[in-house]
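Novice: output the structure for:
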Amino acid sequence: MVLTRSTFLGSIFRTVKARVLIPPRARPSLLNPNSTSSRFYTSSSPRQSRIEGSVLRSFLPQELSIYRRFFGVIASTSQVLGRSSSVSMYIQYSTTAPTRSLRRRISNRKKSSTKPVLNESKFQETVSKLPPRFTPEELTDAITLEEDPFLCFHLFNWASQQPRFKHENCSYHIAIRKLGAAKMYKEMDDIVNQVLSVRHIGNENLYNSIIFYFTKAGKLIRAVNIFRHMVTSKNLECRPTIRTYHILFKALLGRGNNSYTSHMYMETVRSLFRQMVDSGIEPDVFALNCLVKGYVLSLHVNDALRIFHQMSVVYSCQPNSFTYDYLIHGLCAQGRTINARELFNEMKGKGFVPNGKSYNSLVSALALSGEIDDAVNCLWEMIENGRLVDFITYRTLVDESCRNGKYNEATGLLEMLRDKKLVDRDLYEKLVTVLHKDM
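Specialist: Down below sits the predicted model:
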């Protein structure tokens, strides 16, 4: 039994170690090509024997003992289960391409692993320009003129260690702005912790910059915690203002990439808006447009229309072109072309020019509802106003024209677009292919 176990462990150990170290092209020789259970077997070919011998000689005795104990446990367990001769040690390797998020994390990890190097001569030169007893304002000016953010971070820390010197809001603010703009968020976080540890330090502009760069870094929870610190602060200069809510609204609305996530973040936006109004801050058109946009993205167009009708009556704010653009796009996405055209005409009556997204949405919605002539007229109006027509709008118009039996009108439209050089050759050929397919 001892001999059998020793032989069995030796074969497993040699094969596993050979698989770990042998290049991928040589690994298939370790597997039985006729076996369907992917079990290891011991080959008696001279080439594999040489490989196994070289692999065994390349390991240290300590590593050998560790692996022997490990495979001894496996062998004893397999003998208890009655499968001492069929231990599966094959490891499946993924052949799929890494996802975009995985590649981004790997890239960020590589970037963070490469630490910047401090330019000592430049650092000493900057320090020498400071007066013997420099003030926070003088340090702020020195950091402002310096282009290297890593040197700014070391200059800030060096000043912290100087006797009779204490940082003020201005020096904290410029250091955070320099590091945040350079995406050195770890170093910025260290300075933010210093700001939070001192009670009398901080004001609304400083905390707004902290929240802004945390949202840029994707640290939304950290930004919300800074906001809560502002709300509960006893220092009235640190209380949030309308600008603080603008930064949070924009960050929250930018997180959603579909209607479900937009709906989840919209709950937070609505709570923040209610808190802003309860604290006595009058919402402006930007804050109200954020509500309208959030409701549209989360497919609650009726709530967006409610805010639109309350803007002038309740909040004394007049809707601007962004308000109309959000609503027209949302109504067209739900096929409500009548309401969309009413807002479209009202928008033009006030002197606003719709953006490309509103025009594209309206042209596609009119075409899908069978109003081909109105869609074509809207298309030409869009081109006259200098808005860019996308491929989806062209294709939708061609498809619906053919579906309604207007093949000649669709052909004439494409030829007119080509003659006026409004579409390039590749786009024209794609649209002609779509036209012939529908015919």
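Novice: measure stretch 290-304 end to end?
Specialist: 10 Å (C-alpha to C-alpha, to the nearest Å).
Novice: in stretch 304-322, what counts as buried?
Specialist: 304-305, 307-308, 311, 315, 317, 319-322 (16 or more other C-beta atoms under 10 Å). For every residue, glycine as well, the C-beta is placed using N, CA and C.
Novice: where does the stretch 251-400 of the chain have low pLDDT?
Specialist: Scanning the stretch 251-400 of the chain for pLDDT under 70 picks out 256-261.
Novice: re the thing from before, how about the buried residues of stretch 304-322 in CSV, adding distance to residue 165?
Specialist: Formatted as CSV, those follow (distance: C-beta to C-beta, whole Å):
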residue, distance to residue 165
304, 53
305, 57
307, 50
308, 54
311, 50
315, 47
317, 47
319, 51
320, 48
321, 50
322, 47
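Novice: among those residues, which pair sits farthest apart?
Specialist: Maximum pairwise distance among these (C-beta to C-beta): 17.8 Å, between 315 and 321.
Novice: so residue 97, which state does it fall into?
Specialist: Per DSSP: H, G, I helix; E, B strand; the rest coil, the local secondary structure of residue 97 is coil.
Novice: what's the neighbour count on residue 367?
Specialist: Residues contacting residue 367 under the criterion other C-beta atoms under 10 Å number 26.
Novice: then residue 240?
Specialist: As a burial measure, residue 240 scores 25 neighbours (other C-beta under 10 Å).
Novice: mind listing what it touches?
Specialist: Neighbour list for residue 240: 204, 207, 227, 230-231, 279, 281 [criterion: C-beta atoms under 8 Å, 6 or more residues apart in numbering].
Novice: residue 424 now?
Specialist: With contact set as C-beta under 8 Å, 6+ apart, residue 424 has no partners.
Novice: quick one: it from residue 137, how far?
Specialist: 57 Å (C-beta to C-beta, to the nearest Å).
Novice: again with residue 226
Specialist: Taken as C-beta to C-beta, the span from residue 226 to residue 137 is 25 Å.
Novice: do the same with residue 224
Specialist: 32 Å.
Novice: mind checking which of these two has more residues around it?
Specialist: The residue with more neighbours, out of residue 224 and residue 137, is residue 224; 18 against 11, by other C-beta under 10 Å.
Novice: how about JSON lines for the contacts of residue 240, with neighbour count, distance to residue 158 and secondary structure added?
Specialist: Below are those laid out as JSON lines (neighbours: other C-beta atoms under 10 Å; distance: C-beta to C-beta, whole Å; DSSP: H, G, I helix; E, B strand; the rest coil):
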{"residue": "204", "neighbour count": "17", "distance to residue 158": "28", "secondary structure": "helix"}
{"residue": "207", "neighbour count": "26", "distance to residue 158": "25", "secondary structure": "helix"}
{"residue": "227", "neighbour count": "22", "distance to residue 158": "31", "secondary structure": "helix"}
{"residue": "230", "neighbour count": "22", "distance to residue 158": "29", "secondary structure": "helix"}
{"residue": "231", "neighbour count": "12", "distance to residue 158": "34", "secondary structure": "helix"}
{"residue": "279", "neighbour count": "12", "distance to residue 158": "40", "secondary structure": "coil"}
{"residue": "281", "neighbour count": "17", "distance to residue 158": "40", "secondary structure": "coil"}
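Novice: so residue 335 makes contact with residue 370?
Specialist: No. Look at residue 335 against residue 370 with C-beta atoms under 8 Å: they stay out of range, at 11.5 Å.
Novice: joint contacts of the two?
Specialist: Joint contacts of residue 335 and residue 370 (C-beta under 8 Å, 6+ apart) do not exist.
Novice: so what pLDDT did residue 86 get?
Specialist: At residue 86, the model reports a pLDDT of 45.
Novice: actually residue 147, sorry about that
Specialist: 90.
Novice: same deal with the one 10 residues further on?
Specialist: Looking at residue 157, its pLDDT reads 94.
Novice: also residue 109?
Specialist: pLDDT, residue 109: 67.
Novice: tabulate the buried residues of stretch 304-322 (a markdown table), appending distance to residue 375 and secondary structure.
Specialist: Below are the buried residues of stretch 304-322 laid out as a markdown table (distance: C-beta to C-beta, whole Å; DSSP: H, G, I helix; E, B strand; the rest coil):
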| residue | distance to residue 375 | secondary structure |
| --- | --- | --- |
| 304 | 24 | helix |
| 305 | 24 | helix |
| 307 | 29 | helix |
| 308 | 25 | helix |
| 311 | 30 | helix |
| 315 | 35 | coil |
| 317 | 33 | coil |
| 319 | 25 | coil |
| 320 | 26 | coil |
| 321 | 22 | helix |
| 322 | 24 | helix |
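Novice: quick check, residue 170 in contact with residue 136.
Specialist: Yes. Using C-beta under 8 Å, residue 170 makes contact with residue 136 at a distance of 5.6 Å.
Novice: what residues go with each domain of this protein?
Specialist: Listed domain ranges for the chain are 2-80, 123-239, 241-319 (source: automatic domain parsing).
Novice: go through those and find the least confident stretch.
Specialist: Going by mean pLDDT, the lowest-scoring of the domains of the chain is domain 2-80, which has a mean of 45.
Novice: mind listing what residue 174 touches?
Specialist: So residue 174 contacts 140, 143-144 (C-beta under 8 Å, 6+ apart).
Novice: for it, give its distance to residue 209.
Specialist: Distance, residue 174 to residue 209, by C-beta to C-beta: 10 Å.
Novice: does the closest residue to residue 231 other than its chain neighbours belong to a helix, a strand or coil?
Specialist: Closest residue in space to residue 231, ignoring its immediate chain neighbours: residue 240 at 6.3 Å, by C-beta to C-beta, 6 or more residues apart in numbering. Of the three states, residue 240 takes coil under three-state DSSP.
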